[in-house]
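> Have a look; sequence and predicted model below, questions after that.
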Amino acid sequence: MKLVRFGPRGNERPGILDASGTVRDASSLVRDWSGNALEAGSLSEISRADFSQLPEAPAASRLGSPIAAPGKIVCVGLNYADHAEETGFELPREPLVFFKSPTALSGPFDSIIIPATARAVDWEVELAVVVGGVVRNVRPEEAASFIAGVAVANDVTDRHWQFERGGQWSKAKSADTFAPLGPWLVTLDELSASLDLGIWLRKNDVPRQESRTSRLVFSVSEIIAHLSEFMTLLPGDLILTGTPQGVAYNKAEPDYLKEGDTVTCGIEGLGSQRCAVQAAVSSMHK
């Protein structure tokens with residue numbers, strides 16, 4: 001299945017993308033794509049419904065994040081060898097873990113807003129994984145059964161905040177709109193078991209990142225197992241798995257995002273997102 005949420009920001013409704021590409025309103029099947037609704041049993045039951053009988057979403061409806069705000073967004077850094085090399089860091093011996101605020105979540109076509117004090121806003125296309133069960137101390141070979149689905153994410157980051165404001169990665173990544181997600185949450189039955197998917201990003205339609213998710217240093221299953229040693233993962237939690245080479249940071253002349261830019265990114269089989277970049281409106285002009 002391809003799960004979506006549509007409608008005005010803050011009033012999204014759950015939907016399903018049918019075989020023809022039409023968004024269907026799934027409100028009669030589920031309250032929202034969050035929490036227990038994303039457990040394997042719930043999704044299996046929903047998948048047996050006749051989607052053709054569901055009403056179509058209004059034409060030109062905005063697509064929001066395909067999941068409601070999760071309990072937590074857990075991120076893994078430096079998880080492609082070429083990205084670790086370009087940023088000047090050693091490859092981690094085990095997953096490098098940090099958090100991103102759930103309030104950073106936004107839709108796949110919403111604008112990325114540059115906060116007033118941000119100076120070096122960068123892009124990071126990533127494979128996102130949504131947890132589909134209660135996960136504690138699982139083995140990698142068990143991990144796939146706890147995945148609700150996967151999606152495209154952009155782990156937007158301000159490098160000045162990250163490296164010059166106390167070395168706080170979470171602080172650099174948690175501003176509103178710094179986590180565009182979607183357009184869809186795709187269940188694993190629609191994808192190859194290997195999750196070997198092309199992943200890419202373009203800035204102003206110029207290619208900047210190009211790789212495959214099979215090049216992750218730590219696989220999705222290894223990440224889930226590792227995280228479950230240190231914390232309980234709950235249905236609807238979001239995991240960002242790392243970005244490949246091609247970000248602006250550490251270039252001789254970094255071309256960080258500015259107002260008027262456009263970021264387009266996608267993953268094979270998971271769709272693509274396109275976000276305009278805007279500067280925050282000064283409080284003096286609100």
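Done, it's in. This structure is a prediction, so every number in the text was calculated from the model and none was measured.
> Quick check, residue 257 in contact with residue 114.
Yes. In terms of Cβ atoms under 8 Å, residue 257 counts as a neighbour of residue 114; the distance is 6.7 Å. For glycine as for every other residue, the C-beta is placed from the backbone atoms N, C-alpha and C.
> what touches both of the two?
Here residue 257 and residue 114 share the contacting residues 121, 277, scored by Cβ atoms under 8 Å, 6 or more residues apart in numbering.
> Please report how far the residue positioned nearest the centre of the chain lies from residue 62.
Among the residues of the chain, residue 153 comes closest to the average C-alpha position under Cα atoms, centre = their mean, at 2.7 Å. Separation of residue 153 from residue 62 (Cβ to Cβ, to the nearest Å) stands at 18 Å.
> Spit out the contact partners of residue 137.
Taking Cβ under 8 Å, 6+ apart as the definition of contact, the neighbours of residue 137 are 228, 229.
> Surely it is within a helix?
No. When classified by DSSP: H, G, I helix; E, B strand; the rest coil, residue 137 is found to be coil rather than part of a helix.
> who are the neighbours in contact with residue 34?
For residue 34, the set of contacting residues under the criterion of Cβ under 8 Å, 6+ apart consists of 67, 68, 69, 70, 236.
> Which parts of the stretch 101-250 of the chain are strands?
Ranges of strands within the stretch 101-250 of the chain are 105-106, 112-114, 121-122, 125-131, 147-154, 157-158, 179-180, 185-186, 198-203, 206-212, 238-240, based on DSSP state E, counting those that start in this stretch.
> Throw those into JSON lines and include distance to residue 93 and mean pLDDT, thanks.
What follows is those, written out as JSON lines (distance: least, Cβ to Cβ, whole Å; pLDDT from 0 to 100):
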{"stretch": "strand 105-106", "distance to residue 93": "30", "mean pLDDT": "98"}
{"stretch": "strand 112-114", "distance to residue 93": "33", "mean pLDDT": "98"}
{"stretch": "strand 121-122", "distance to residue 93": "25", "mean pLDDT": "98"}
{"stretch": "strand 125-131", "distance to residue 93": "21", "mean pLDDT": "98"}
{"stretch": "strand 147-154", "distance to residue 93": "25", "mean pLDDT": "98"}
{"stretch": "strand 157-158", "distance to residue 93": "23", "mean pLDDT": "98"}
{"stretch": "strand 179-180", "distance to residue 93": "27", "mean pLDDT": "98"}
{"stretch": "strand 185-186", "distance to residue 93": "31", "mean pLDDT": "98"}
{"stretch": "strand 198-203", "distance to residue 93": "24", "mean pLDDT": "98"}
{"stretch": "strand 206-212", "distance to residue 93": "22", "mean pLDDT": "97"}
{"stretch": "strand 238-240", "distance to residue 93": "19", "mean pLDDT": "98"}
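> Ok, which of the ones you listed comes nearest residue 219?
Distances from residue 219 to each of the strands of the stretch 101-250 of the chain were compared using Cβ to Cβ; the shortest belongs to strand 125-131, at 10.5 Å.
> so how far is the closest one off the chain centroid?
What separates the centre of strand 125-131 from the centre of its chain is 5 Å, taken as Cα atoms, centre = their mean, to the nearest Å.
> Mind listing what's buried along that strand?
125, 126, 127, 128, 129, 130, 131 (16 or more other Cβ atoms under 10 Å).
> now, which of those sits nearest residue 211?
When these are compared against residue 211 (criterion: Cβ to Cβ), the nearest one is residue 125, at 8.9 Å.
> I'd like the distance between that closest one and residue 215.
Residue 125 sits 13 Å away from residue 215, taking Cβ to Cβ as the criterion.
> Need the overlap of contacts for these two.
When contacts are counted by Cβ under 8 Å, 6+ apart, residue 125 and residue 215 have residue 244 as shared neighbours.
> which ones are touching the closest residue to residue 154 other than its chain neighbours?
Closest residue to residue 154 in three dimensions, ignoring its sequence neighbours and counting by Cβ to Cβ, 6 or more residues apart in numbering: residue 180, at 4.7 Å. With contact taken as Cβ under 8 Å, 6+ apart, residue 180 is in contact with 65, 106, 107, 108, 110, 112, 153, 154, 156, 273, 275.
> Go again with 6 Å.
Residue 180 is in contact with 106, 108, 154, 273, 275, counting by Cβ atoms under 6 Å, 6 or more residues apart in numbering.
> Check residue 222 too.
residue 140.
> Give me the distance between the spatially closest residue to residue 8 that is not a sequence neighbour and residue 23.
Of all residues beyond its chain neighbours, the one nearest residue 8 is residue 62 (6.5 Å), with distances taken as Cβ to Cβ, 6+ apart. Residue 62 sits 11 Å away from residue 23, going by Cβ to Cβ.
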